[in-house]
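Peer 1: below is the structure, and that's it, no one-letter string:
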């Protein structure tokens with residue numbers, strides 16, 4: 001929240017976020033369940049009658065929808081004030097690539113590229129971490145305003161924490177706006193473009209907090225922005 005936000009306003013905003021998450025997550029459960037069910041039926045009924053590529057496409061649909069089901073269930077527990085975070089081995093290379101592929105699909109026509117070296121594995125909630133990375137990637141591309149936008153992911157150890165940095169070479173965030181980007185329902189001005197509800201970064205920060213970590217804007221200038229996720233190593 002901004003420095004001028006009162007505790008009462010903060011509590012009201014957090015309650016609005018939780019109500020939004022509860023309603024949205026609940027309403028998504030039924031269509032996701034049906035997509036998963038029909039995907040499984042098609043895989044069983046068409047076994048031996050479709051090509052390997054077609055089978056892989058159906059398998060991918062089922063995998064994606066099951067991940068979405070996990071995410072919406074996690075958001076429902078978060079909205080109820082009892083976040084349930086899985087602890088599993090997460091391949092950060094795979095999580096970053098999945099998040100990037102999903103973010104790029106939502107922003108067609110971009111020539112942005114993702115760059116990363118060999119990233120480590122960590123024990124955390126893979127679905128939640130991928131969702132946060134997808135949001136950070138989407139923000140970088142949506143607000144990048146630069147040809148050949150480059151988004152780089154690095155990871156380093158800092159004591160007992162793993163620091164995951166997401167840096168881009170965009171035009172950066174106006175200093176007047178940097179203090180508000182994690183504020184719920186606030187939208188970074190973008191002339192000529194339709195912005196989302198203004199919850200992406202605020203929810204991402206809450207999810208990382210539930211995972212025992214932090215999410216912050218480390219730096220931003222005319223040369224680009226750098227966000228840092230710190231999670232228990």
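Peer 2: Received the coordinates, thanks. It should be emphasised that the depicted structure is a prediction, and the values quoted were computed from it without experimental measurement.
Peer 1: could you tell me how many residues sit around the spatially closest residue to residue 150 that is not a sequence neighbour?
Peer 2: Counting by C-beta to C-beta, 6 or more residues apart in numbering, residue 150 lies nearest to residue 169, which is 4.9 Å off, once chain neighbours are set aside. C-betas here are computed from N, CA, C, even on glycine. By the measure other C-beta atoms under 10 Å, the count of residues near residue 169 is 17.
Peer 1: any idea how far residue 169 is from residue 141?
Peer 2: 12 Å (C-beta to C-beta, to the nearest Å).
Peer 1: pLDDT (mean, whole number) over whichever strand or helix holds residue 65?
Peer 2: Using DSSP states H and E, residue 65 sits in helix 52-79. Helix 52-79 carries an average pLDDT of 82.
Peer 1: cool, and stretch 184-195?
Peer 2: Rounded mean pLDDT across stretch 184-195 is 65.
Peer 1: list the buried ones in the strand or helix carrying residue 128?
Peer 2: In this assignment (DSSP H and E), residue 128 forms part of helix 126-142. Neighbour counts using 16 or more other C-beta atoms under 10 Å place 126-142 of helix 126-142 among the buried residues.
Peer 1: next structured bit after it?
Peer 2: Helix 126-142 is succeeded, C-terminally, by strand 150-158 (DSSP H and E).
Peer 1: pairing partners for that next one, with directions?
Peer 2: strand 113-116 (parallel), strand 161-168 (antiparallel) (DSSP bridges).
Peer 1: so how far is the first one from its chain's centroid?
Peer 2: So the one you mean is strand 113-116. Here strand 113-116 is found 16 Å from its chain centre; the criterion is C-alpha atoms, centre = their mean, to the nearest Å.
Peer 1: compute the inter-axis angle for the biggest helix by length in the chain and helix 52-79.
Peer 2: For the chain, the helix that runs over the most residues, judged by DSSP state H, is helix 7-45. Interaxial angle, helix 7-45 versus helix 52-79 (axes from the mean of the first three to the mean of the last three C-alpha atoms, to 10 degrees): 150 degrees.
Peer 1: tell me what helix 7-45 is packed against?
Peer 2: Helices and strands touching helix 7-45, by 3 or more C-beta pairs under 8 Å, 6 or more residues apart in numbering; DSSP states H and E, are helix 52-79, helix 200-210.
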